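K.L.:
Pasting a predicted model and its sequence here:
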Amino acid sequence: MPLVPLPLPDPGSPDLSSPRGFLRWLGRAQRRGRLLATLWSTLELGSLAALPVAIGRGVQAVVDHDTRALLAAGLLALLLSAVQTAMTVLLHRQVVWNWIQAASQIRQLVARQASALGGGLSRRIATGEIVAVSSGDVEKIGWYVELTARLYGAVLAWLGVSTVVLWRQPGLGLAVLLGVPVLAAAVWPLLGPFERRYDEQRALGGKASELAADTVAGLRVLRGIGGEELFLNRYRAASQRVRAAAVRAARTWAVMQAQEVLLPGLFVVGVTWYGARLALDGSIGVGELIAVYGATAFLAAPLRVIGEAAHAWSVARVSAGRAVRVLSLTRDGEPAGGAEPVRAAGAELLRRADRSDLHDPVSGLTARAGRLTAVVCGDPDAAGELAARLGGRPVLAEGRRADPSVRLGGVELDGLPLAAARAAVLVHDKDPVLLSGTLAELFDVPRSGRVEPAEALAAARAQDALEALVDGSPECAGDPMAARITERGRSLSGGQRQRLALARSLVADPPVLVLDEPTSAVDAHTESRIAAGLRELRSGRTTVVFATSPLLLDRADTVLLLQHGRVAATGTHRELMAGEPRYRAVVTREENPAGAPEPADQAEPAGAAAAPAGPGAAGGAP
């Protein structure tokens, strides 16, 4: 059973009605693997249960001085041992395959969900929750999936042994048939408390992971303000809460494990005592007593599997509940109708996207087709929200009302499949991420083919970034496209990373490109050249730039000023500088001129590019 098919072409559509429904769906998706594992498990346990019979026959043959029966018993024992060994190998391979298959399927579902929700995912659920589902919870669910097949095998083996013993010795058989369910049921009263304590442990673990992720992400800032010790103490306290919850869960689990050992042991002692009484009375022979003892002692194995399955079920149901919460999130405004008309609308939009205006009814912003539109907003958070909304509204926080959808050519973006919306409108984030790999891999993105990487790099003025990559990658033999980018581009300066990310967006060449402060980390001279290259390369394509740098604003066909989340003024950069005091106050960072209306947005403009108007206006280091 090779794992070549992984990842799966389609992880499927899970049942998200409840954790149990999700686990049932996952089991149905593993039907073939679970059937094979059940078969191998039944044969393995059946061989193990039959081995005492062969040994008992051999002992009885010695007592009776029957050489032929002794030889037959030895051959039977050898055959059963060989079958058990082979089945053990096949069972282990199959249950591990089932585990990996289930874990991979869930991870693909979570990855697909994260891709579908995009940046809105973190607004609806904590980062630590996603980490917990993708790591520990996936493993727990995979463990349950592989255990169910062994559980079925254990039940079938128990029924087989009970039937044989019941046929040979009705009293013992009845004890075996009824004793195992009673012992198995003894663990159920502990499952509820264990599940609650484990759920508490996982919830606290998710919060600790979220705190750790936030601390690592802001480590540079924490060092700058001397806050490392503060956050270290917070993480220690969170870690201790997780430890205490884990200890409480472990106590319950320890009692469950003690039951798994103690109760079957007492059961075996009782049945063996009863069998010994029968042997003393002459009702059964010594060999049959050994067979009965071996078969009864064997039942400890199914009982251990049943106890382990009860534990796996408890933790899997908790983990499945967390997975269902993540997978149940939807994009706000997602259409409830059929998918085919929606896909058709998306395809039609892509055909005419480059000739369509982009309009946001909330702010009143309209970006005309084929033109470069600049947006000035004094509040960087408001600018970021608007930029994200222009690409298809992100998932909203709980309790917040949905805003009207952004429209491209009259078509609502958030009513389309996310892939179609992203293909039509690409949003270049304020803090783009460079993944590790070669430069060629960085530019291996869906694109129109109209813009080559060399053209995009030239427009982004990224020559010094290419030289830095070549210097840091001797193995590339001078070819920048073969040069390697370290994780998150840490070997490059902030300005170099920003320009490579901008070049990547330019290579994609979407019909509509939204750029949020694309030059905030470069010097004024480089910014001026990027503005010229951007206008030239995006000629005839719709481009929206959020910026406060005069060097970029002066290149725009139209500049819009946002106040209180609405378009307050429209014109060219020079017209607004001359006739709009509110615009001038945001762009130049000067005090509000006497008699001018008070600007609504008092926050610092987004990015480091904002500076006094004129030559060298945009600050920042490359």
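P.N.:
Thanks, I have it. Numbering: from 1, shown residues only.

K.L.:
Kindly list the longest helix within the chain.
P.N.:
helix 228-281 (DSSP state H).

K.L.:
what helix or strand does Leu204 sit in?
P.N.:
helix 188-217 (DSSP states H and E).

K.L.:
That should have said Ala456, apologies.
P.N.:
Ala456 belongs to helix 453-459, assigned by DSSP H and E.

K.L.:
Next: Gly392.
P.N.:
Going by DSSP H and E, Gly392 is not in any helix or strand.

K.L.:
burial measure for it, as a count.
P.N.:
The tally of other residues near Gly392 (other C-beta atoms under 10 Å) stands at 26. (Each C-beta comes from the backbone N, C-alpha and C, glycine too.)

K.L.:
correct me, but it touches Ala419?
P.N.:
No. The criterion here is C-beta atoms under 8 Å, and Gly392 misses it with Ala419 at 10.3 Å.

K.L.:
Tell me who's in contact with the nearest residue to Glu139 once chain neighbours are set aside.
P.N.:
Closest residue in space to Glu139, ignoring its immediate chain neighbours: Ala103 at 6.4 Å, by C-beta to C-beta, 6 or more residues apart in numbering. Counting by C-beta atoms under 8 Å, 6 or more residues apart in numbering, Ala103 touches Val138, Glu139, Ile141, Gly142.

K.L.:
switch the cut-off to 10 Å
P.N.:
Leu6, Ser134, Ser135, Asp137, Val138, Glu139, Lys140, Ile141, Gly142, Trp143, Val145, Glu146 (C-beta atoms under 10 Å, 6 or more residues apart in numbering).

K.L.:
Out of these, which end up buried?
P.N.:
Ser134, Asp137, Val138, Glu139, Lys140, Ile141, Gly142, Trp143, Val145, Glu146 (16 or more other C-beta atoms under 10 Å).

K.L.:
circling back: give me the mean pLDDT for the helix holding Leu204.
P.N.:
The predicted model gives helix 188-217 an average pLDDT of 72.

K.L.:
Packing partners of the longest helix of the chain?
P.N.:
In this structure, helix 228-281 packs against helix 170-185, helix 188-217, helix 219-225, helix 286-298, helix 300-327, with contacts taken as 3 or more C-beta pairs under 10 Å, 6 or more residues apart in numbering; DSSP states H and E.

K.L.:
And stretch 413-429, what's buried?
P.N.:
Those would be 413-418, 420-429, for stretch 413-429 by 16+ other C-beta under 10 Å.

K.L.:
Of these, which belong to strands?
P.N.:
Judged by DSSP state E, strands contain the following of these: Val425, Leu426, Val427, His428.

K.L.:
Out of the residues you listed, the closest to Arg504 would be?
P.N.:
Arg504 lies nearest to His428 out of these, by C-beta to C-beta, at 8.6 Å.

K.L.:
tell me the pLDDT at the closest one?
P.N.:
Note for His428: predicted pLDDT of 88.

K.L.:
Pull the contacting residues for it.
P.N.:
387, 391, 498, 501-502, 504-506, 508, 510, 513-518, 544-546.

K.L.:
cool, and Leu537?
P.N.:
Leu537 neighbours (C-beta under 10 Å, 6+ apart): Arg450, Val451, Glu455, Ala456, Ala458, Ala459, Ala460, Ala503, Leu506, Asp509, Thr543.

K.L.:
Can you name the element that comes right after the helix or strand bottoming out on mean pLDDT in the chain?
P.N.:
Here the helix or strand of the chain ranked lowest by mean pLDDT, DSSP states H and E is helix 339-352, holding a mean of 55. As assigned by DSSP H and E, the chain's next helix or strand after helix 339-352 is strand 358-360.

K.L.:
ok, residues contacting that following strand?
P.N.:
With contact meaning C-beta under 10 Å, 6+ apart, strand 358-360 is reached by 365-369, 373, 386, 389-391, 393, 403-410, 413, 424-425, 511-512, 514, 542, 544, 567.

K.L.:
For the stretch 51-200 of the chain, which residues score under the pLDDT cut-off?
P.N.:
118-129, 131-132, 168-169, 171-180, 183-184, 187-188, 191, 195 (pLDDT under 70).

K.L.:
how about stretch 23-35: buried residues?
P.N.:
Leu23, Trp25, Leu26, Gly27, Ala29, Gln30, Gly33, Arg34.

K.L.:
I would like the residues contacting that stretch, please.
P.N.:
So stretch 23-35 is contacted by 1, 8, 11-18, 37, 94-95, 97-99, 101-102, 105-106, 109, 141-142, 144-146, 148-150, 152, 313, 316-317, 319-320, 323-324 (C-beta under 10 Å, 6+ apart).
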